[in-house]
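K.L.:
Here is a sequence with its predicted model. Questions after.
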Amino acid sequence: MKKITAILLTSVILMCAVIIPAGAVQQSTTQTTEIIHTEFGDIEKISAVFVFDSAARSSSRTVKATDTYKYDGKIIAEVALTATFGYDGTTAWVTSANSSFSTYDRWVYGNERITKSGGTASLSATLSHAIHGTLAVNISITCSPTGAIT
């Protein structure tokens, strides 16, 4: 029962974390789960990508990529990278990129760096805990010249 409640809570949190830009229409969502093996135990990383098309501009997309980290069945951090891309069939570019995060159970988020290069927006940071050590956070979103998101 606790596992079902945790899954439902995580789903609700991920859905609530999505901030829909004005005039945007959600097109697709993907979700994956990965287990990160560390010296202090396994961490579950749930990644979700939300893609929005601009209702005003057909050559613009806003994408929100979220990573939710769980240790011992509890959420320890949620990190999101939101980027808006332009594309014209020949090239793609990042028009804006920003982040948001929440941490729990004495985990600390830091050393954040957001980079924009061509059609790729990337975030790198660390999650640290006095007892459990440091965990690298990396989120990257790429838009192709035709608007495909990877």
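P.N.:
Nice, I can see it.
K.L.:
can you map out the strands along the protein?
P.N.:
Shown for the chain, the strands assigned by DSSP state E span residues 24-38, 41-54, 60-71, 74-87, 92-103, 108-117, 120-129, 133-142.
K.L.:
which one of those has the lowest average pLDDT?
P.N.:
Of all the strands of the chain, mean pLDDT reaches its minimum on strand 24-38 (a mean of 75).
K.L.:
before we move on, the earlier item: want to throw the strands of the chain into JSON lines with distance to Ile149 and mean neighbour count?
P.N.:
(Glycine included, C-beta is placed from N, CA and C.) Converted to JSON lines, the strands of the chain look like this (distance: least, C-beta to C-beta, whole Å; neighbours: other C-beta atoms under 10 Å):
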{"stretch": "strand 24-38", "distance to Ile149": "8", "mean neighbour count": "12"}
{"stretch": "strand 41-54", "distance to Ile149": "5", "mean neighbour count": "18"}
{"stretch": "strand 60-71", "distance to Ile149": "6", "mean neighbour count": "21"}
{"stretch": "strand 74-87", "distance to Ile149": "8", "mean neighbour count": "22"}
{"stretch": "strand 92-103", "distance to Ile149": "10", "mean neighbour count": "16"}
{"stretch": "strand 108-117", "distance to Ile149": "15", "mean neighbour count": "13"}
{"stretch": "strand 120-129", "distance to Ile149": "11", "mean neighbour count": "19"}
{"stretch": "strand 133-142", "distance to Ile149": "7", "mean neighbour count": "16"}
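K.L.:
I'd like these as TSV, with distance to Ala148 appended.
P.N.:
TSV is the format used below for the strands of the chain (distance: least, C-beta to C-beta, whole Å):
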stretch	distance to Ala148
strand 24-38	11
strand 41-54	10
strand 60-71	9
strand 74-87	9
strand 92-103	9
strand 108-117	17
strand 120-129	13
strand 133-142	9
